[in-house]
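[1] Whatever this is, show me its structure:
(2 chains)
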Amino acid sequence: MATEDQKSTFKTKIGLAEMLKGGVIMDVVNAEQAIIAEEAGAVAVMALERVPADIRKDGGIARMSDPKLIKEIMDAVTIPVMAKARIGHFVEAQILESLGVDFIDESEVLTPADDSYHIDKHRFKVPFVCGCRDLGEALRRIGEGAAMIRTKGEAGSGNVVEAVRHMRTVLAGVRKVQSLPFEELMTEAKNLGAPYELVVELHRTGKLPVPNFSAGGIATPADAALMRQLGAEAIFVGSGIFKSGDPQRRARAIVAAATYFDKPDILAEVSTDLGEPMVGIDIHVLPKEELMASRGW
Amino acid sequence: MSKPKIAVLGLQGDFHKHIERLAGLGAHAYAARLPEEISEADGLIIPGGESTTIGKLLVRYNLLDSIRTASDFGKPIYGTCAGLIVLATRITSSTSERGGQPTLGLLDITVSRNAFGRQIDSFESTIDAPIITGVGGKPLSAVFIRAPIVEEVGNNVQVLASYNGNIVFVRQDRILGSSFHPELTDDDRVHQYFLSVVDESLVTVTQH
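    Residues are numbered from 1 along each chain as shown, chains lettered A, B, ... in the order given. Next up, the predicted model:
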């Protein structure tokens, strides 16, 4: 029987996000690091020129990575490769799609290209992930076509406190919508700044329509397991692995922690003798304009 | 008959989707991450996910032997996408020559990873599998995500479905494998079929 293919549907986009659940997505800046990540058991790598900790240190404008670097990383590993575009920079996204990356992160870690609008992600064949700090931001991004949401945390800080706050805030928002009487949903959508239809759907199903991952400040296996126990369906680790003393061991340990997040015996074993973690920053000492999480509209 | 107990390998991937499908069909389904959680089941599903990640965790957490033992006892096993790759005896990759990926070697097939391409080539379609759909019946809904293709099958392997001439669904005795993800669709007939294989295996065990 003749079959009709439908390519790049929202179902296939969310499908890849489903396949990444329970896993760890690692930031890598070259092919060598990508191979280390794959060997450690990463479910995907994020190809970028500088990890967030270095973007923070170097300052200046952070942009999409050189396609040469992205292609080298795509050639080096068999797992999915993600890459970052600036918020609102739909041409960077077009370039990344033409390179064949598997996921685009419209990311606050790069310097925003548009201070009012995000990319219309429905127009692309490649799936997008976007950051959020609360439920309204999550539903706005999903409304624009994101097939995966990640709570932002504070990238490059090595400090998990913001990741925890954003995950708790999103999930508190979900619980609230679920508990409201139907007639209050329109006002709730207005207060959240979220599409009404998605608020209604959330009220009915009790969960976000796309997978919800966690990013920003995860530096140890315990951090990864903490975010999983709080409700994150997978983990992004940026600077936490390759800014640490022994990236191989730490990467393997965080992979194990994402899987066995509720098994303290295994967590104790993999947390043992990991060497130096990345140094990290107390977020309260950062000037407001240096916070990445507040980028996004 | 009491509800069959189905372990869904819960190391990584879309195992919750399989659990939802199986629970909807009346099975007792749960996520399994430890050897004893696999040995106490009547059947096992290895879900979609990243086959390299799942393979490495199978080795690191000593799960290969418990799955092989379950197979030796005649317990049915079904792998989707990454699960198909992990079950295969031979793996090739269209994107990398770096080998060394551990496998269970329970399905006598050669499987080519990411053979349909990268994510932008992922697709939804329908496929005929007469053993499940009947001849001329409504085809199965199938979602293919960076999907593998079965390139060669051994003599004991039955081809259940092909897509555009590529083998995408196979069975060898009580081991099943598909390139596609029925768990991402509303079509639960593949899971029904798997549970019927589990039921047959339980009857055989009872007769002994």
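
[2] B:Pro139 and B:Thr133 touch, don't they?
    Yes: judged on CB atoms under 8 Å, B:Pro139 makes contact with B:Thr133 at a distance of 6.0 Å. For the C-beta atoms, the positions are set from N, CA and C on the backbone; glycine is no exception.

[3] Report the contact partners of the closest residue to A:Val161 other than its chain neighbours.
    Distances taken as CB to CB, 6 or more residues apart in numbering or on different chains put A:Ile283 closest to A:Val161, at 6.4 Å, once the chain neighbours are dropped. Contacts for A:Ile283 were tallied using CB atoms under 8 Å, 6 or more residues apart in numbering or on different chains; they are A:Glu154, A:Ser157, A:Asn159, A:Val161, A:Glu162, A:Leu291.

[4] and B:Arg21, what does it touch?
    Counting by CB under 8 Å, 6+ apart, B:Arg21 touches B:Pro182, B:Glu183, B:Asp188, B:His191.

[5] give me that answer again for 7 Å
    With contact taken as CB atoms under 7 Å, 6 or more residues apart in numbering or on different chains, B:Arg21 is in contact with B:Glu183, B:Asp188, B:His191.

[6] bridging residues for the residue most central in space within chain B?
    In chain B, the residue lying closest to the centroid (CA atoms, centre = their mean) is B:Gly79, at 1.2 Å. Note on B:Gly79: beta-bridge partners by DSSP bridges are B:Ile46, B:Gly177.

[7] Against chain A, how distant is it?
    Using CB to the nearest CB, to the nearest Å, B:Gly79 is found at 14 Å from chain A.

[8] Give the full set of residues in contact with that residue.
    Counting by CB under 7 Å, 6+ apart, the residues that B:Gly79 touches are B:Ile46, B:Val86, B:Leu87, B:Gly177.

[9] Next one: the third one from chain A, what distance?
    Distance of B:Leu87 to chain A, computed by CB to the nearest CB: 17 Å.

[10] Just the C-alpha atoms of stretch B:42-53, please, in CSV.
    Provided in CSV are the C-alpha atoms of stretch B:42-53 (Å, rounded to 0.1, in the frame of the first residue of the first chain):
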residue,chain,number,x,y,z
ASP,B,42,7.2,-11.8,32.4
GLY,B,43,8.4,-9.7,29.5
LEU,B,44,10.6,-6.7,28.7
ILE,B,45,10.5,-3.7,26.5
ILE,B,46,13.6,-1.8,25.5
PRO,B,47,12.4,1.7,24.6
GLY,B,48,13.5,4.4,22.2
GLY,B,49,16.3,6.7,23.4
GLU,B,50,20.0,7.0,22.5
SER,B,51,21.3,3.5,21.8
THR,B,52,24.9,4.5,22.8
THR,B,53,23.7,5.8,26.2
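
[11] mind checking how far the residue of the stretch 151-297 of chain A found nearest chain B is from B:Leu34?
    At 5.2 Å from chain B, A:Thr259 is the closest residue in the stretch 151-297 of chain A, using CB to the nearest CB. Per CB to CB, to the nearest Å, A:Thr259 is found 11 Å from B:Leu34.

[12] And those two? Which one has more around it.
    A:Thr259 (25 against 15; other CB atoms under 10 Å in any protein chain shown).

[13] nearest spatial neighbour of the more buried one, skipping sequence neighbours?
    A:Thr259 sits nearest to B:Leu11 (CB to CB, 6+ apart), 5.2 Å away.

[14] A:Lys176 too?
    Nearest non-adjacent residue to A:Lys176, counting by CB to CB, 6+ apart: A:Glu188, 7.6 Å away.

[15] ok and the residue in the stretch 101-250 of chain A nearest chain B?
    For the stretch 101-250 of chain A, CB to the nearest CB, closest residue to chain B: A:Asp102, 3.9 Å.

[16] That residue contacts A:Thr78, correct?
    No: using CB atoms under 7 Å, A:Asp102 makes no contact with A:Thr78, being 11.2 Å away.

[17] Around chain A, pick out the residues from chain B.
    Chain B comes close to chain A at residues B:11-14, B:17, B:33, B:48-50, B:52-53, B:56-57, B:93, B:95-96, B:113-114, B:118-128, B:139, B:143, B:145-146, B:181, B:184, as judged by CB under 7 Å from any CB of the partner chain.

[18] quick one: which of these sit in helices?
    Members of the residues of chain B next to chain A lying in helices (criterion: DSSP state H): B:Lys17, B:Thr52, B:Thr53, B:Lys56, B:Leu57.

[19] Pull the distance from stretch A:25-41 to the chain's centre.
    16 Å (CA atoms, centre = their mean, to the nearest Å).

[20] Pretty sure B:Ile109 sits against B:Arg171.
    No: B:Ile109 is not in contact with B:Arg171 according to CB under 7 Å; the separation is 10.7 Å.

[21] out of these two, which sits in the more crowded spot?
    Taking other CB under 10 Å, B:Ile109 and B:Arg171 do not tie; B:Ile109 has more neighbours (25 against 20).

[22] Look at that one and tell me its secondary structure.
    Under DSSP: H, G, I helix; E, B strand; the rest coil, B:Ile109 falls in the strand class.

[23] which residues does it contact?
    The contact partners of B:Ile109, by CB under 7 Å, 6+ apart, come to B:Ala88, B:Thr89, B:Val150, B:Glu152, B:Val153, B:Gly154, B:Val157, B:Val170.

[24] pLDDT of stretch A:205-217, averaged?
    Here stretch A:205-217 scores 96 as its mean pLDDT.

[25] Span of it from start to end?
    Start and end residues of stretch A:205-217 are separated by 30 Å (CA to CA, to the nearest Å).

[26] Ok, stretch A:226-234 next?
    By CA to CA, the extent of stretch A:226-234 from end to end equals 11 Å.

[27] With stretch A:209-227 instead?
    19 Å.

[28] Any residue of that stretch touching chain B?
    No: Stretch A:209-227 stays clear of chain B (CB under 7 Å from any CB), getting no nearer than 9.4 Å.

[29] before we move on, what about stretch A:105-112?
    No: Stretch A:105-112 does not reach chain B (CB under 7 Å from any CB); its nearest approach is 13.5 Å.

[30] how far does that stretch sit from the chain's center?
    Stretch A:105-112 sits 11 Å away from the centroid of its parent chain (CA atoms, centre = their mean).

[31] Stretch B:178-190 now?
    In this view, stretch B:178-190 has its centroid 10 Å away from the chain centroid, taken as CA atoms, centre = their mean.

[32] Any buried residues in that stretch, and which?
    The neighbour-count check on stretch B:178-190 (16 or more other CB atoms under 10 Å in any protein chain shown) flags B:Ser178, B:Ser179, B:Phe180, B:His181, B:Pro182, B:Glu183, B:Leu184, B:Thr185, B:Asp187, B:Asp188, B:Arg189, B:Val190 as buried.

[33] Which of the ones in helices among the residues of chain B next to chain A ranks first by neighbour count?
    Among those, B:Thr53 has the most neighbours (other CB under 10 Å), with 28 neighbours.

[34] Now for that one: which residues touch it?
    A:Gly23, A:Gly41, A:Val43, B:Gln12.

[35] How many residues are close by the second one?
    Around A:Gly41 there are 28 other residues, counting by other CB under 10 Å.

[36] same check, this time on the first one
    Around A:Gly23 there are 27 other residues, counting by other CB under 10 Å.

[37] which residues of the chain score low on pLDDT?
    Looking at chain A here, since you left the chain open. Residue ranges of chain A with pLDDT under 70: A:1-4.

[38] wrong one, I was asking about chain B
    Ranges of chain B meeting pLDDT under 70: B:1, B:94-100, B:205-208.
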